[in-house]
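Asks: prediction below, plus the sequence it came from.
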Amino acid sequence: MNQRDKVLEYLKENGSITSWAAYQDLGVTQLATRIFELKEKGYKFRKEKVFFTTRLGRKSFYEEYYLDEYKHTQEGDIGSRQAHSA
């Protein structure tokens, strides 16, 4: 399973993903690139900025990505559904 598929599966199972979760849970260091690749395949995302104050008192933020919808693509993609004949 490639990194793009790992990110997609994580989103479907957990509802959202951050860069930290992608790195810690999946070993993915370039989440924005994987999201871009998924967008090119037709997946739609929304992202929210989460603001916080660091331990040094500085204001900062990170982005959390949510899968809004996914299209059913070629056989073999995680988002695809295969028709089963009876």
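Replies: Thanks, I have it.
Asks: contacts, neighbours, all on C-alpha from now
Replies: Will do.
Asks: quick one: strands adjacent to the helix or strand bottoming out on mean pLDDT in the chain?
Replies: Between all helices and strands in the chain, the lowest mean by mean pLDDT, DSSP states H and E belongs to strand 59-69, at a mean of 93. When pairs are called by DSSP bridges, strand 59-69 turns out to pair with strand 16-18 (antiparallel), strand 44-53 (antiparallel).
Asks: what's the closest of the ones you listed to Gln3?
Replies: Proximity to Gln3, assessed across the strands paired with strand 59-69 by Cα to Cα, is greatest for strand 16-18 (13.3 Å).
Asks: most neighbours per residue, which of the strands paired with strand 59-69?
Replies: The highest average neighbour count among those, using mean count of other Cα atoms under 10 Å, belongs to strand 16-18 at a mean of 19.
Asks: what's in contact with that one?
Replies: Strand 16-18 has contacts (Cα atoms under 8 Å, 6 or more residues apart in numbering) with Tyr10, Leu11, Leu31, Tyr62, Glu63, Glu64, Tyr65, Tyr66, Leu67.
Asks: any chance of CSV for the residues you listed, columns neighbour count and distance to Leu38?
Replies: Conversion of these to CSV gives the following (neighbours: other Cα atoms under 10 Å; distance: Cα to Cα, whole Å):
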residue, neighbour count, distance to Leu38
Tyr10, 17, 13
Leu11, 17, 12
Leu31, 21, 11
Tyr62, 14, 20
Glu63, 16, 17
Glu64, 16, 16
Tyr65, 20, 12
Tyr66, 18, 12
Leu67, 17, 10
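Asks: from the residues you listed, which is closest to Lys44?
Replies: Using Cα to Cα, these come closest to Lys44 at Leu67, 6.2 Å.
Asks: gap between the nearest residue to that closest one once chain neighbours are set aside and Leu38?
Replies: Among residues not flanking Leu67 along the chain, Phe45 sits closest, at 4.6 Å (Cα to Cα, 6 or more residues apart in numbering). To Leu38, Phe45 is 9 Å away according to Cα to Cα, to the nearest Å.
Asks: of the contacts of strand 16-18, which pair is most distant in space?
Replies: Tyr10 and Tyr62 (18.1 Å).
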